[in-house]
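*Asks:* Give me a model of this one.
(2 chains)
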Amino acid sequence: MKVFCSLWLLLSLVKLSPAPPASQDPPFACRGAGDPAPPQPETPEDMASSGDLEPTHYPARRAATVALHQLNTRHGSPHRLFALQEVHKASAEDVAAGGRKYSLDFSVTDWASGSAGPALRCSAEVMFPGTERSSPDVQLRCEALQQINSTAQDHAFYQKYIAPESAVSAQHIPDSYGNVSEEMQPFWRLARVAASFIMLRESSENTEFNMAQVASVTQQESSEKQLMLEFVVLLHDLPSQEIVQWKLLASWSPDRGVRVLQTEWQPRCPHDTKPPN
Amino acid sequence: TMKGSVISVLVVLAVLDRLAGGLEHRSYDYTKYHTMDEISAWMNQMERENPDMVSSMIYGQTYENRNITLLKIGFKSTTPKKAVWMDCGIHAREWIAPAFCQHFVKEILGSYKTDSNVNMLFKNLDFYITPVLNMDGYIYSWRDKTTRLWRKSRSPGTGNCTCFGTDLNRNFYANWGMVGISRDCCSDIYNGPTALSEPEAKAVTDFLGAHQNEVLCYLTIHSYGQLILIPYGHPNISAPNYEELMEVGLAAAKAIKAVHGTSYKVGTAPDILYANSGTSRDFARLIGIPYSFTFELRDKGNYGFILPEDQIQPACEEAYQGAMSIVNYVHDKNFKSAATTATLANVF
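*Replies:* Predicted coordinates:
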């Protein structure tokens, strides 16, 4: 009781912002009829950052993550995937129509070689438009990127799975213990590259996406010499802590890279819901 | 048939081996993730094998009526001792966190006889360690492959809500409902119908309240992100010892990096992660526990919550050094200098 009295006294002394409005999301059981954007947490109005940004703080990191997604869509492959190593410098400014543009200087590593691998230095401008649900625009330059081309491993992988009888199918990568079999590693990286298209498209200053897991990968019939893969991916958004599920159809070849042909947001049921009485 | 009996013998041996693996001390595998049953059996074993140093305490019940249990570790004393609190697994899917609590217990129990530093800590402090706080959620995340990413408790929704669970780390009486929450009960950051609606949060609140003059340090273990977070979660509120907390946190991050080169960032949640409210870390600081930290363990998003088992050991080794860096600082501040005054415990 004493604790709570002291607590009330403390809280009454501390100046706090007014309670934010309740979420406008409709109370549908499965969030099925709603929209794919994760429900945004209530944040105070003055969260905007402009001018020089602290590189270790989240606004710079979120913008760099968006640039990273772009990098992976363009240069990711079954044996190459980039991860953010560090943001060196960042700044932001307001631009037309309520948008905000970030300028970033950051390093990435090729994730396959881990943080021990050589870091690539990149610079980017990431523009978040003012309108809701518009995708960010990214201008990106990384050193030594021009020299990166498909590796021998990519070609060998391609030859193996473009064979007409190939019909790869797997679920839950990694498994609950974090295991990814040797054979599934390239498919996992391809899923991450394909997911980057969605993560890039869905990003805003209020999101920070990573791919949590590949729910399934199902090889489709090859088309125009492209590997065709249907993925169901689970994305994790840090601020809302939501797991967002997307089904997508992607093509890949060493020459054309990854292209995403179809995407479909999938509501996550029924574990979220009570069984009917 | 010969083949049939060979197979039966092999099956029996395999089953026995599996049953024994969770219980037999020499073969408890700290580099694997363990079920709640295995962890509970391990806790009993720690108590049985170290009766002078380890006792267990039940301090509440989960929604599904499981006993929330901590291990109290330290040399027994007739007078009340100062204490360090550590809880793991407030969020079900963060499996590396309970693995860390088990690693931490194993390390301190395995070194107090030979390591004079740990011996001194055991003499002056008690460690209150809860390996899995959100037991219902943790068990649910083990149920099958589709439940692995569950986060919240397993209390049913109230009113019109058809979703389960409250985010326990938004449910504490610490600026509850102010920021970084959702009132949508299906959300993974739903802060509950009211503050302390969840018995798990209430259990911690009651224990800390009853021991508030003893607890010097509050550590809560999560994943992922490689971060050390200091209070408060609200962007407009600063802890009175912010500078000191930053110093202590940065020293811990340095200790972590020295082990395997892993970088941890240090700061308030609104600075380096996102604004939030109703967290256990904020509650601990608000009732006057001066050193209150959240650890977000490996990694930074490549595997995220599903950290591979071959990373359990290095992740725990480095975090152990970080935690001990903080514990040693807190200890030295309270026990080395004779001039220590009552500046600490009652700071609001």
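*Asks:* A:Leu145 belongs to a strand, doesn't it?
*Replies:* No. A:Leu145 is assigned coil when assessed by DSSP: H, G, I helix; E, B strand; the rest coil, not a strand.
*Asks:* Need the pLDDT of it.
*Replies:* A:Leu145 carries a pLDDT score of 74 in this model.
*Asks:* which intervals of the stretch 201-348 of chain B have sub-threshold pLDDT?
*Replies:* With pLDDT under 70 as the threshold, the stretch 201-348 of chain B has low-confidence stretches at B:337-348.
*Asks:* Up against chain A, what does it have?
*Replies:* In this structure, the stretch 201-348 of chain B approaches chain A at residues B:209, B:212, B:225, B:234-237, B:261-263, B:265, B:267, B:271-276, B:286-287, B:300-311, B:348, judged by CB under 8 Å from any CB of the partner chain. (Glycine included, C-beta is placed from N, CA and C.)
*Asks:* Could you check which residue of the stretch 51-200 of chain A lies nearest chain B?
*Replies:* Residue of the stretch 51-200 of chain A nearest chain B, by CB to the nearest CB: A:Gly178 (3.2 Å).
*Asks:* What residues does that residue make contact with?
*Replies:* By CB atoms under 8 Å, 6 or more residues apart in numbering or on different chains, A:Gly178 lies in contact with B:303, B:306-311.
*Asks:* please redo it, this time with the cut-off set to 6 Å
*Replies:* By CB atoms under 6 Å, 6 or more residues apart in numbering or on different chains, A:Gly178 lies in contact with B:303, B:306-309.
*Asks:* now the residues of the stretch 201-348 of chain B next to chain A: which count as buried?
*Replies:* B:209, B:212, B:225, B:234-237, B:262, B:265, B:267, B:271-276, B:286-287, B:300-309, B:311 (16 or more other CB atoms under 10 Å in any protein chain shown).
*Asks:* Against B:Leu208, how distant is the residue of the stretch 51-200 of chain A closest to chain B?
*Replies:* Per CB to CB, to the nearest Å, A:Gly178 is found 33 Å from B:Leu208.
*Asks:* hmm, back to that, can you list the contacts of A:Gly178 in JSON lines and add distance to B:Tyr112 and secondary structure?
*Replies:* Below are the contacts of A:Gly178 laid out as JSON lines (distance: CB to CB, whole Å; DSSP: H, G, I helix; E, B strand; the rest coil):
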{"residue": "B:Tyr303", "distance to B:Tyr112": "33", "secondary structure": "coil"}
{"residue": "B:Ile306", "distance to B:Tyr112": "34", "secondary structure": "coil"}
{"residue": "B:Leu307", "distance to B:Tyr112": "28", "secondary structure": "coil"}
{"residue": "B:Pro308", "distance to B:Tyr112": "31", "secondary structure": "coil"}
{"residue": "B:Glu309", "distance to B:Tyr112": "27", "secondary structure": "helix"}
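*Asks:* Which single one of these is nearest to B:Asn44?
*Replies:* The nearest member of the contacts of A:Gly178 to B:Asn44, counting by CB to CB, is B:Glu309 at 23.5 Å.
*Asks:* you'd agree that closest one is up against A:Tyr177?
*Replies:* Yes. Counting by CB atoms under 6 Å, A:Tyr177 is a contact partner of B:Glu309 at 5.3 Å.
*Asks:* How about B:Ala253, nearest residue that isn't a chain neighbour?
*Replies:* Among residues not flanking B:Ala253 along the chain, B:Tyr264 sits closest, at 4.3 Å (CB to CB, 6 or more residues apart in numbering or on different chains).
*Asks:* Tell me how far that neighbour lies from A:Leu261.
*Replies:* The value you get for B:Tyr264 to A:Leu261, if CB to CB is used, is 40 Å.
*Asks:* what number of residues lie near B:Ser153?
*Replies:* 30 (other CB atoms under 10 Å in any protein chain shown).
*Asks:* ok, now how distant is it from chain A?
*Replies:* 13 Å (CB to the nearest CB, to the nearest Å).
*Asks:* Report the secondary structure state of that residue.
*Replies:* Under three-state DSSP, the three-state class of B:Ser153 is coil.
*Asks:* Regarding it, what are the backbone dihedral angles?
*Replies:* Main-chain dihedrals, B:Ser153, degrees, to the nearest 10: phi -70, psi -180.
*Asks:* And it, how close does it get to B:Lys202?
*Replies:* 11 Å.
*Asks:* B:Asn236 too?
*Replies:* For B:Asn236 relative to B:Lys202 (CB to CB), the value is 27 Å.
*Asks:* What sits closest to A:Ala194 if chain neighbours are left out?
*Replies:* Among residues not flanking A:Ala194 along the chain, A:Ala250 sits closest, at 4.0 Å (CB to CB, 6+ apart).
*Asks:* how would you label B:Met46: helix, strand or coil?
*Replies:* Going by three-state DSSP: B:Met46 is helix.
*Asks:* again, but for B:Cys316
*Replies:* Judged by three-state DSSP, the three-state class of B:Cys316 is helix.
*Asks:* wait, what's in contact with it?
*Replies:* With CB under 6 Å, 6+ apart, B:Cys316 has these contacts: B:100, B:103.
*Asks:* Swap in 8 Å and give it another go.
*Replies:* So B:Cys316 contacts B:30, B:96, B:99-100, B:103-104 (CB under 8 Å, 6+ apart).
*Asks:* Looking at these, which one is closest to chain A?
*Replies:* B:Ile96 (9.3 Å).
*Asks:* Quick one: the helices in the stretch 51-200 of chain A, in order.
*Replies:* Listed in chain order, the helices of the stretch 51-200 of chain A (DSSP state H, counting those that start in this stretch) span A:58-75, A:152-161, A:185-202.
*Asks:* Can I get the last one in PDB? Just the C-alpha atoms.
*Replies:* These are the backbone C-alpha positions of helix A:185-202, laid out as PDB (Å, rounded to 0.1, in the frame of the first residue of the first chain):
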ATOM      1  CA  GLN A 185      20.500 -22.000 -46.400                       C
ATOM      2  CA  PRO A 186      20.400 -20.600 -50.000                       C
ATOM      3  CA  PHE A 187      16.600 -20.800 -50.000                       C
ATOM      4  CA  TRP A 188      16.500 -19.000 -46.700                       C
ATOM      5  CA  ARG A 189      18.600 -16.200 -48.100                       C
ATOM      6  CA  LEU A 190      16.500 -16.000 -51.200                       C
ATOM      7  CA  ALA A 191      13.400 -15.700 -49.000                       C
ATOM      8  CA  ARG A 192      15.100 -12.900 -47.100                       C
ATOM      9  CA  VAL A 193      15.900 -11.100 -50.300                       C
ATOM     10  CA  ALA A 194      12.400 -11.500 -51.600                       C
ATOM     11  CA  ALA A 195      11.000 -10.400 -48.200                       C
ATOM     12  CA  SER A 196      13.200  -7.300 -48.500                       C
ATOM     13  CA  PHE A 197      11.000  -6.100 -51.400                       C
ATOM     14  CA  ILE A 198       8.000  -6.200 -49.000                       C
ATOM     15  CA  MET A 199       9.900  -4.800 -46.000                       C
ATOM     16  CA  LEU A 200      11.100  -1.900 -48.200                       C
ATOM     17  CA  ARG A 201       7.600  -1.200 -49.500                       C
ATOM     18  CA  GLU A 202       6.000  -1.400 -46.100                       C
END
